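Colleague: predicted model and sequence follow; I will ask about them next.
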Amino acid sequence: MSRGRKAFLWAIGAILVSSLGIFLGLSFFRNYQLRPIVLRGAVIKEDDDPTKQSPIMDVDISEANGLATADTKSNFVGDFTIPLLRGVGQNESVTLRFLHPDYVPLDLTQLVSNKLIIVHLVPIRKETEEAKVQPDHPVIAVANVRIRYSTESTTQDNIGTGVKTFQVQNVGNILCQNSTPCSPDGKWKATINSESLDAGEGSVFRNARVSCIAGPCPFTKIDYDGYSEGGRYIKVSVRNWSDTTTFLFQAEVFRPQISDIVRMTYPIILGTSLDFTLPPTAVGPSVEAELNGENIIFPLGPIPVLSWADCNVSVAKNQAKFYRCELSSGYRFR
């Protein structure tokens, strides 16, 4: 075969390989563009105080123009994901609709992107109902709220509860750009904050738990677990890659001696929200509170029901329970 013929065949082969590469590249790019996009975000209560921006559960979320494959609901920490139809691409306009009976409905129109969606819903202030309150039906004051429960522990005495709230301040949707700390996927700028508790000389912490009680909780992660094993000193570090969040750090204080199995703890009250946690060993929990000066005990079953608040509970993998209650209309904390 002559040198010229070989060169010609090599040129034809190179053109074919190049064309095949372009075809495969275009096919991949087209399939990439047409792959379904899933929007993710968090629904929280609108409030100027970040500690009162509690997550909202059971918000009905849909796409108003039928561009989503299914409707969804927010979970205990306000987290939601909504998958869009195949073919809906970046920078296309979608309208997400958020509905909850206790909050003002919201239609949020924005361009499709991979940014985290933080939705603030405004509580419905039933001014007309408040205006109709008769002198013989005043607002009922709820005071001195405490949580009573029992454990099977009989070797150590629970002498109290260590409680702290702390914030992890951050601004969401800022690209990390190879700086640290970042979100777990390396995409967003993050902040890490730590908090610790000291049980005191001769005492140790047990049944420690950490829960997010305000802000976009789904976009946080415990970076360092220095509390699960207990001890005199316990510590936790939390990574946050969205807006400012608030955490509840709580544990029982034990001293070695014969113990009373009845335990008592106190909730965190922020605005109209009440949050508390119970350890995995807790049984027979109840809420004690003064309503207009009268002390009343409210047992808590598997489904928490209070006459003066709407409550939800989430159970962790270790069976610890996280309770969040929203005060009903006609009541106020004092």
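Modeller: Perfect, I can see it now.
Colleague: can you pull out the strands in the stretch 151-300 of the chain?
Modeller: Shown for the stretch 151-300 of the chain, the strands assigned by DSSP state E, counting those that start in this stretch span residues 156-168, 191-198, 204-214, 220-226, 233-240, 245-256, 262-265, 268-270, 273-278, 283-291, 294-299.
Colleague: out of those, flag the one nearest Val77.
Modeller: With Cβ to Cβ, the closest approach to Val77 among these belongs to strand 204-214: 6.3 Å. Heads up, the C-betas are built off the backbone N, CA and C, glycines and all.
Colleague: I'd like to know which elements that closest one is packed against.
Modeller: strand 156-168, strand 233-240, strand 245-256, strand 268-270, strand 273-278, strand 321-327 (3 or more Cβ pairs under 8 Å, 6 or more residues apart in numbering; DSSP states H and E).
Colleague: most tightly surrounded among those?
Modeller: strand 273-278 (a mean of 24; mean count of other Cβ atoms under 10 Å).
Colleague: give me the contacts around that one.
Modeller: With Cβ atoms under 8 Å, 6 or more residues apart in numbering as the test, strand 273-278 has contacts from 45, 52, 54, 145, 147, 149, 209, 211, 213, 248, 250, 265-268, 285, 309, 320-327, 333.
Colleague: at 6 Å instead, please
Modeller: Residues external to strand 273-278 that are found in contact with it (Cβ atoms under 6 Å, 6 or more residues apart in numbering): 54, 147, 149, 209, 211, 213, 248, 250, 267-268, 285, 321-326.
Colleague: what of stretch 255-267?
Modeller: Taking Cβ under 6 Å, 6+ apart as the rule, stretch 255-267 contacts 145-151, 156-159, 161, 203, 274, 276.
Colleague: quick check: the residue lying closest to Ile269 once chain neighbours are set aside vs Ala141, distance?
Modeller: Once flanking residues are discounted, Ile269 sits nearest to Phe333: 5.4 Å by Cβ to Cβ, 6 or more residues apart in numbering. Here the distance between Phe333 and Ala141 works out to 8 Å (Cβ to Cβ, to the nearest Å).
Colleague: and the helices and strands packed on strand 204-214 as TSV, adding distance to Val119 and mean pLDDT?
Modeller: TSV is the format used below for the helices and strands packed on strand 204-214 (distance: least, Cβ to Cβ, whole Å; pLDDT from 0 to 100):
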stretch	distance to Val119	mean pLDDT
strand 156-168	20	90
strand 233-240	17	97
strand 245-256	15	93
strand 268-270	19	91
strand 273-278	17	92
strand 321-327	17	92
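Colleague: can you say which of those is nearest to Tyr103?
Modeller: That would be, of the helices and strands packed on strand 204-214 and by Cβ to Cβ, strand 321-327, which comes in at 10.4 Å.
Colleague: helices or strands up against the following helix or strand past that closest one?
Modeller: Moving toward the C-terminus from strand 321-327, the first helix or strand encountered (DSSP states H and E) is strand 331-333. Judged by 3 or more Cβ pairs under 6 Å, 6 or more residues apart in numbering; DSSP states H and E, strand 331-333 is in contact with strand 140-150.
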